[in-house]
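Asks: requesting a structural model of the entry that follows:
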Amino acid sequence: MPSRLTNIAMTGVFSALALAGAYLLVPVPNVEILTALIFLSGVLFGCRTGMLVGGISAAIFGIFNPYGMSPLPLLVAQVVSRVVVGYVGGLFREAASSDHRRWWRATYFGLAGLGLTWLYIVLALLSNTLTFGFSLHQLKASFAFGIISYLLLSLSNTLVFAIVVPAAIDGLRRTAYFRPVQAR
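Replies: Coordinates of the predicted model:
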């Protein structure tokens with residue numbers, strides 16, 4: 001069982017790693033690795049650590065975004081969705097530890113990435129009603145206007161979750177960093 005200090009350190013390390021990944025890919029439209037790294041922190045260290053990494057990294061990135069700070073309703077949507085990502089990552093610990101075939105794990109993690117991406121998209125869109133006072137008609141128009149971007153983000157996150165997350169887990173399984181840790 002890891003010490004409290006180890007959990008604090010891993011929370012800081014993975015928050016920094018998630019932020020570094022987010023800032024690294026800012027210039028690439030519709031591609032991000034922040035969500036996958038938050039998910040991975042939950043897989044490796046449990047729901048609580050995943051949630052902390054999600055909240056910390058989403059809040060810092062939303063406040064210090066190179067394109068400007070997110071409006072408060074959007075910032076809340078970003079933080080809430082990333083906290084959920086960390087929690088769900090903790091729920092996937094058993095799947096990460098399993099020896100299922102590679103295609104099964106890729107499918108499982110890819111679908112998780114797709115679902116978590118759409119959770120973020122829906123919460124971000126709904127935050128527009130609070131930020132800009134959008135009516136239902138305006139919300140539909142906003143969704144229609146951004147559908148190509150949402151689909152590209154969904155595709156890239158599905159691929160990252162299907163390819164990169166299982167590969168990272170497989171690589172970490174060969175080290176001392178991947179140990180069954182009790183989720184709290």
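Asks: hey, let's count contacts and neighbours off CA atoms from now on
Replies: OK.
Asks: how much space is there between Phe45 and Met51?
Replies: Applying CA to CA, to the nearest Å, the value for Phe45 to Met51 is 10 Å.
Asks: make that Val165, sorry
Replies: Noted for Val165: a distance of 17 Å to Met51, by CA to CA.
Asks: tell me which of those two has more neighbours.
Replies: Using other CA atoms under 10 Å, the more surrounded residue of Val165 and Met51 is Met51, with 28 against 23.
Asks: output the below-cut-off pLDDT ranges for this protein.
Replies: 1-2, 176-184 (pLDDT under 70).
Asks: by residue count, what's the longest helix in it?
Replies: The single longest helix within the chain, with elements called by DSSP state H, is helix 102-132.
Asks: for it, packing partners?
Replies: The helices and strands touching helix 102-132, judged by 3 or more CA pairs under 8 Å, 6 or more residues apart in numbering; DSSP states H and E, are helix 72-91, helix 136-159, helix 165-173.
Asks: what angle sits between the first one and helix 102-132?
Replies: This means helix 72-91. 160 degrees (axes from the mean of the first three to the mean of the last three CA atoms, to 10 degrees).
Asks: what helices or strands is the helix or strand just after helix 72-91 leaning on?
Replies: Next along the chain after helix 72-91, taking DSSP states H and E as the criterion, comes helix 93-97. Counting contacts by 3+ CA pairs under 8 Å, 6+ apart, helix 93-97 packs against helix 34-45.
Asks: got the contact list for the helix it packs on?
Replies: Applying CA atoms under 8 Å, 6 or more residues apart in numbering, the set of residues contacting helix 34-45 from outside is 7, 11, 14-15, 17-19, 21-22, 48-51, 53-54, 82, 85-93, 96, 113, 157, 160-161, 165, 169, 178-183.
Asks: spatially central residue in this structure, please.
Replies: What sits nearest the mean C-alpha location of the chain, by CA atoms, centre = their mean, is Thr35, with 2.1 Å.
Asks: once you drop chain neighbours, what's closest to Arg82?
Replies: Leaving aside its sequence neighbours, Arg82 sits nearest to Gly54 (CA to CA, 6 or more residues apart in numbering; 4.6 Å).
Asks: confirm for me that that neighbour is in contact with Gly89.
Replies: No: counting by CA atoms under 8 Å, Gly54 stays clear of Gly89, with 10.3 Å between them.
Asks: so these two - more neighbours on which side?
Replies: Neighbours were counted for Gly54 and for Gly89 using other CA under 10 Å; Gly54 has more, 32 against 29.
Asks: so what touches the host helix or strand of that one?
Replies: Assigned by DSSP H and E, Gly54 belongs to helix 47-63. The contact list for helix 47-63 (CA under 8 Å, 6+ apart) reads 7, 10-12, 14-16, 18-19, 22, 38-43, 69-70, 75, 78-80, 82-91, 183-184.
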